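> let's see this in three dimensions:
(chains A and B)
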Amino acid sequence: DAGVIQSPRHEVTEMGQEVTLRCKPISGHNSLFWYRQTMMRGLELLIYFNNNVPIDDSGMPEDRFSAKMPNASFSTLKIQPSEPRDSAVYFCASQRGWETQYFGPGTRLLVL
Amino acid sequence: GNSVTQMEGPVTLSEEAFLTINCTYTATGYPSLFWYVQYPGEGLQLLLKATKADDKGSNKGFEATYRKETTSFHLEKGSVQVSDSAVYFCALREETSGSRLTFGEGTQLTVNP
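Residues are numbered from 1 along each chain as shown, chains lettered A, B, ... in the order given. As a prediction, this is how the structure comes out:
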(Lines give C-alpha, C1' and ligand atoms only; values in the text may rest on other atoms or scores of the structure.)
Protein backbone atom coordinates (compact mmCIF):
# COMPACT_ATOMS: atom_id res chain seq x y z
CA ASP A 1 0.00 0.00 0.00
CA ALA A 2 1.34 3.42 -0.97
CA GLY A 3 0.10 5.16 2.13
CA VAL A 4 -1.18 8.72 2.18
CA ILE A 5 0.39 10.71 -0.64
CA GLN A 6 0.95 14.44 -0.42
CA SER A 7 2.27 16.87 -2.99
CA PRO A 8 4.31 18.90 -3.23
CA ARG A 9 6.66 17.87 -0.41
CA HIS A 10 8.19 21.33 -0.28
CA GLU A 11 6.81 24.64 -1.45
CA VAL A 12 8.44 28.06 -1.38
CA THR A 13 6.31 30.98 -2.48
CA GLU A 14 6.03 34.70 -2.08
CA MET A 15 3.49 36.50 0.00
CA GLY A 16 0.26 37.06 -1.88
CA GLN A 17 0.56 34.01 -4.10
CA GLU A 18 -1.96 31.19 -4.19
CA VAL A 19 -0.80 27.87 -2.77
CA THR A 20 -2.50 24.52 -3.41
CA LEU A 21 -1.62 21.45 -1.41
CA ARG A 22 -2.77 18.04 -2.58
CA CYS A 23 -3.57 14.79 -0.85
CA LYS A 24 -4.43 11.29 -1.97
CA PRO A 25 -5.80 9.20 0.92
CA ILE A 26 -5.33 5.47 1.30
CA SER A 27 -7.77 3.59 -0.88
CA GLY A 28 -10.87 2.54 1.05
CA HIS A 29 -10.48 5.17 3.77
CA ASN A 30 -13.59 7.29 4.24
CA SER A 31 -12.29 10.06 6.50
CA LEU A 32 -9.67 12.64 5.58
CA PHE A 33 -8.01 15.19 7.83
CA TRP A 34 -5.86 18.28 7.21
CA TYR A 35 -3.49 19.40 9.98
CA ARG A 36 -1.00 22.22 10.34
CA GLN A 37 2.11 21.93 12.49
CA THR A 38 4.26 24.83 13.72
CA MET A 39 6.70 25.25 16.55
CA MET A 40 4.54 27.93 18.15
CA ARG A 41 1.12 26.29 17.92
CA GLY A 42 1.97 22.60 17.67
CA LEU A 43 -0.35 20.30 15.72
CA GLU A 44 -3.71 21.81 14.76
CA LEU A 45 -6.64 20.15 13.02
CA LEU A 46 -7.81 22.44 10.23
CA ILE A 47 -10.69 20.47 8.72
CA TYR A 48 -11.90 16.95 8.27
CA PHE A 49 -14.12 15.18 5.79
CA ASN A 50 -16.24 12.08 6.15
CA ASN A 51 -17.36 10.41 2.91
CA ASN A 52 -16.14 13.51 1.02
CA VAL A 53 -18.35 15.86 3.08
CA PRO A 54 -16.73 18.50 5.34
CA ILE A 55 -17.73 17.69 8.91
CA ASP A 56 -15.77 20.19 10.99
CA ASP A 57 -13.92 23.20 9.59
CA SER A 58 -13.71 25.14 12.82
CA GLY A 59 -9.92 24.93 12.73
CA MET A 60 -9.58 26.72 9.41
CA PRO A 61 -7.78 29.94 10.32
CA GLU A 62 -9.66 32.37 8.12
CA ASP A 63 -11.29 32.88 4.75
CA ARG A 64 -7.95 32.68 2.98
CA PHE A 65 -8.01 28.93 3.60
CA SER A 66 -10.32 26.57 1.73
CA ALA A 67 -10.43 22.79 1.35
CA LYS A 68 -12.23 20.52 -1.05
CA MET A 69 -12.70 16.84 -1.52
CA PRO A 70 -14.28 16.29 -4.94
CA ASN A 71 -14.01 12.50 -4.71
CA ALA A 72 -12.87 9.75 -2.37
CA SER A 73 -9.33 9.72 -3.70
CA PHE A 74 -8.35 13.39 -3.77
CA SER A 75 -8.41 16.49 -1.60
CA THR A 76 -6.91 19.97 -1.84
CA LEU A 77 -6.09 22.66 0.69
CA LYS A 78 -5.79 26.10 -0.84
CA ILE A 79 -4.39 29.29 0.64
CA GLN A 80 -5.17 32.51 -1.22
CA PRO A 81 -3.50 34.90 -0.70
CA SER A 82 -0.66 33.34 1.26
CA GLU A 83 1.09 35.17 4.10
CA PRO A 84 4.40 34.53 5.91
CA ARG A 85 2.53 33.36 9.03
CA ASP A 86 1.13 30.46 6.96
CA SER A 87 4.61 28.92 6.86
CA ALA A 88 4.27 25.49 8.45
CA VAL A 89 4.19 21.77 7.73
CA TYR A 90 0.78 20.68 6.49
CA PHE A 91 -0.22 17.06 7.02
CA CYS A 92 -3.00 15.09 5.46
CA ALA A 93 -4.26 11.95 7.20
CA SER A 94 -6.85 9.32 6.36
CA GLN A 95 -8.79 6.72 8.27
CA ARG A 96 -11.34 4.01 7.67
CA GLY A 97 -14.18 4.05 10.16
CA TRP A 98 -12.79 3.79 13.70
CA GLU A 99 -9.51 2.26 12.63
CA THR A 100 -6.03 3.76 12.80
CA GLN A 101 -5.45 7.23 11.39
CA TYR A 102 -2.54 7.27 8.92
CA PHE A 103 -0.55 10.40 8.20
CA GLY A 104 1.14 11.50 5.02
CA PRO A 105 4.73 12.76 4.97
CA GLY A 106 3.64 16.39 4.99
CA THR A 107 4.14 19.46 2.81
CA ARG A 108 6.68 21.93 4.14
CA LEU A 109 5.46 25.41 3.14
CA LEU A 110 7.56 28.54 3.33
CA VAL A 111 5.96 31.87 2.45
CA LEU A 112 8.49 34.67 1.96
CA GLY B 1 -14.79 19.38 25.76
CA ASN B 2 -12.05 16.82 25.28
CA SER B 3 -8.43 17.65 26.00
CA VAL B 4 -5.06 15.93 26.40
CA THR B 5 -2.20 17.21 28.53
CA GLN B 6 1.34 15.90 28.19
CA MET B 7 4.37 16.50 30.35
CA GLU B 8 6.43 19.38 29.18
CA GLY B 9 9.50 18.67 27.16
CA PRO B 10 12.03 18.42 25.90
CA VAL B 11 13.21 15.22 27.57
CA THR B 12 16.85 14.22 27.25
CA LEU B 13 18.05 10.78 28.33
CA SER B 14 21.09 8.59 27.99
CA GLU B 15 20.88 5.34 26.08
CA GLU B 16 19.39 2.47 28.14
CA ALA B 17 17.68 4.85 30.57
CA PHE B 18 14.07 4.38 31.65
CA LEU B 19 11.51 6.58 29.94
CA THR B 20 8.21 7.92 31.22
CA ILE B 21 6.16 10.52 29.37
CA ASN B 22 3.07 11.52 31.29
CA CYS B 23 -0.30 11.98 29.63
CA THR B 24 -3.62 12.85 31.24
CA TYR B 25 -6.91 13.48 29.54
CA THR B 26 -10.32 15.03 29.97
CA ALA B 27 -13.27 13.46 28.19
CA THR B 28 -17.01 13.32 28.64
CA GLY B 29 -17.32 9.61 27.94
CA TYR B 30 -15.06 6.61 27.43
CA PRO B 31 -12.45 7.49 24.85
CA SER B 32 -9.92 5.37 23.04
CA LEU B 33 -6.35 6.46 23.78
CA PHE B 34 -3.34 6.55 21.50
CA TRP B 35 0.36 7.32 21.38
CA TYR B 36 1.73 8.55 18.07
CA VAL B 37 5.42 9.07 17.26
CA GLN B 38 6.91 11.54 14.80
CA TYR B 39 10.46 10.95 13.64
CA PRO B 40 12.38 13.90 12.19
CA GLY B 41 11.06 14.99 8.82
CA GLU B 42 8.19 12.51 8.82
CA GLY B 43 4.48 12.38 9.53
CA LEU B 44 2.99 10.93 12.70
CA GLN B 45 2.61 7.18 12.98
CA LEU B 46 0.69 5.12 15.49
CA LEU B 47 2.86 3.66 18.22
CA LEU B 48 0.24 1.97 20.40
CA LYS B 49 -3.35 2.27 21.52
CA ALA B 50 -5.86 1.14 24.16
CA THR B 51 -9.61 1.18 23.74
CA LYS B 52 -10.93 0.54 27.25
CA ALA B 53 -10.01 0.91 30.88
CA ASP B 54 -7.12 -1.28 32.13
CA ASP B 55 -6.07 -2.17 28.58
CA LYS B 56 -2.34 -2.07 28.00
CA GLY B 57 -1.03 -1.05 24.61
CA SER B 58 2.48 -2.11 23.64
CA ASN B 59 4.79 -1.89 20.67
CA LYS B 60 8.57 -1.73 20.07
CA GLY B 61 9.23 -2.01 23.80
CA PHE B 62 6.92 0.88 24.64
CA GLU B 63 3.91 0.38 26.92
CA ALA B 64 1.01 2.45 28.17
CA THR B 65 -1.92 1.43 30.40
CA TYR B 66 -5.36 3.04 30.21
CA ARG B 67 -6.09 4.21 33.77
CA LYS B 68 -9.66 5.45 34.04
CA GLU B 69 -9.41 6.27 37.74
CA THR B 70 -6.56 8.70 37.16
CA THR B 71 -7.54 9.60 33.57
CA SER B 72 -4.00 8.83 32.47
CA PHE B 73 -2.15 6.99 29.71
CA HIS B 74 1.54 7.35 30.54
CA LEU B 75 4.10 6.08 28.03
CA GLU B 76 6.98 3.97 29.33
CA LYS B 77 9.99 2.15 27.99
CA GLY B 78 12.49 0.27 30.08
CA SER B 79 15.61 0.98 28.01
CA VAL B 80 15.62 3.70 25.36
CA GLN B 81 17.80 3.73 22.29
CA VAL B 82 19.19 6.58 20.22
CA SER B 83 16.74 5.60 17.49
CA ASP B 84 13.83 6.42 19.84
CA SER B 85 14.64 10.12 19.52
CA ALA B 86 11.43 11.65 18.20
CA VAL B 87 8.36 13.66 19.21
CA TYR B 88 5.67 11.67 21.03
CA PHE B 89 2.00 12.67 20.94
CA CYS B 90 -0.73 11.41 23.21
CA ALA B 91 -4.22 11.49 21.71
CA LEU B 92 -7.80 10.48 22.40
CA ARG B 93 -10.82 9.75 20.29
CA GLU B 94 -14.37 9.78 21.55
CA GLU B 95 -17.43 8.63 19.63
CA THR B 96 -19.28 11.84 20.39
CA SER B 97 -16.54 13.76 18.55
CA GLY B 98 -16.80 11.69 15.40
CA SER B 99 -13.66 10.13 14.02
CA ARG B 100 -11.35 13.01 14.88
CA LEU B 101 -8.40 12.70 17.25
CA THR B 102 -7.62 15.21 19.99
CA PHE B 103 -3.84 15.52 20.38
CA GLY B 104 -1.63 16.66 23.20
CA GLU B 105 1.08 19.20 22.54
CA GLY B 106 3.79 16.61 21.94
CA THR B 107 6.96 15.79 23.89
CA GLN B 108 10.37 15.93 22.25
CA LEU B 109 12.62 13.03 23.33
CA THR B 110 16.35 13.06 22.65
CA VAL B 111 18.41 10.00 23.52
CA ASN B 112 22.17 10.45 23.67
CA PRO B 113 24.65 7.60 23.18
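> what is the burial count for the residue of chain B found nearest chain A?
Closest contact between chain B and chain A, by CB to the nearest CB, is at B:G43 (3.4 Å). Glycine gets a C-beta too; all of them are placed from N, C-alpha and C. Residues near B:G43, counting by other CB atoms under 10 Å in any protein chain shown, number 21.
> who's in contact with it?
Counting by CB atoms under 8 Å, 6 or more residues apart in numbering or on different chains, B:G43 makes contact with A:V4, A:F91, A:A93, A:F103, A:G104, A:P105, A:G106.
> next up, the contacts around B:S79.
Contacts for B:S79 (CB under 8 Å, 6+ apart) come out as B:E16, B:A17, B:F18, B:G61.
> doesn't it fall inside a strand?
No. According to DSSP: H, G, I helix; E, B strand; the rest coil, the state of B:S79 is coil, so it is not within a strand.
> still on that earlier bit, filter the contacts of B:S79 down to just the ones in helices.
Taking DSSP state H, every one of the contacts of B:S79 sits outside helices.
> quick check: the farthest pair among those?
Taking CB to CB as the measure, those span a maximum distance of 12.8 Å, between B:A17 and B:G61.
> so how far is A:I26 from B:P10?
According to CB to CB, to the nearest Å, B:P10 and A:I26 sit 32 Å apart.
> A:C92 too?
Going from A:C92 to A:I26 by CB to CB gives 10 Å.
> and if you look at B:S79?
Noted for B:S79: a distance of 34 Å to A:I26, by CB to CB.
> which parts of chain A sit against chain B?
Residues of chain A found near chain B (CB under 8 Å from any CB of the partner chain) are A:4, A:31, A:33, A:42-43, A:45, A:48, A:50, A:55-56, A:91, A:93, A:95, A:97-98, A:100-106.
> any quick PyMOL command for the buried ones out of these?
Buried residues within these, by 16 or more other CB atoms under 10 Å in any protein chain shown, are selected in PyMOL with:
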select buried, chain A and resi 4+31+33+43+45+48+50+56+91+93+95+101+102+103+104+105+106
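> helix or strand for the nearest residue to B:L46 once chain neighbours are set aside, which one?
Spatial nearest neighbour of B:L46, chain neighbours left out: A:T100 (5.1 Å); criterion: CB to CB, 6 or more residues apart in numbering or on different chains. Applying DSSP states H and E as the criterion places A:T100 outside every helix and strand.
> just the pLDDT for A:T100.
pLDDT, A:T100: 90.
> how about the one 3 residues further on?
A:F103 is assigned a predicted lDDT (pLDDT) of 96.
> check A:Q80 too.
On pLDDT, A:Q80 comes in at 97.
> tell me, how many residues neighbour it?
Based on other CB under 10 Å, the number of other residues close to A:Q80 is 13.
> quick one, phi/psi of it?
Main-chain dihedrals, A:Q80, degrees, to the nearest 10: phi -150, psi 120.
> which residue is the nearest non-sequential neighbour of it?
A:E18 (4.2 Å).
> pull the contacting residues for the one you found.
Counted by CB under 8 Å, 6+ apart, A:E18 has contacts A:K78, A:I79, A:Q80, A:P81, A:S82.
> out of those, which two sit at the greatest distance?
A:K78 and A:P81 (10.6 Å).
> would you mind listing what in chain B touches chain A?
Applying CB under 8 Å from any CB, we find that chain B lies next to chain A at B:32, B:42-46, B:49, B:89, B:93, B:98-101, B:103, B:105-106.
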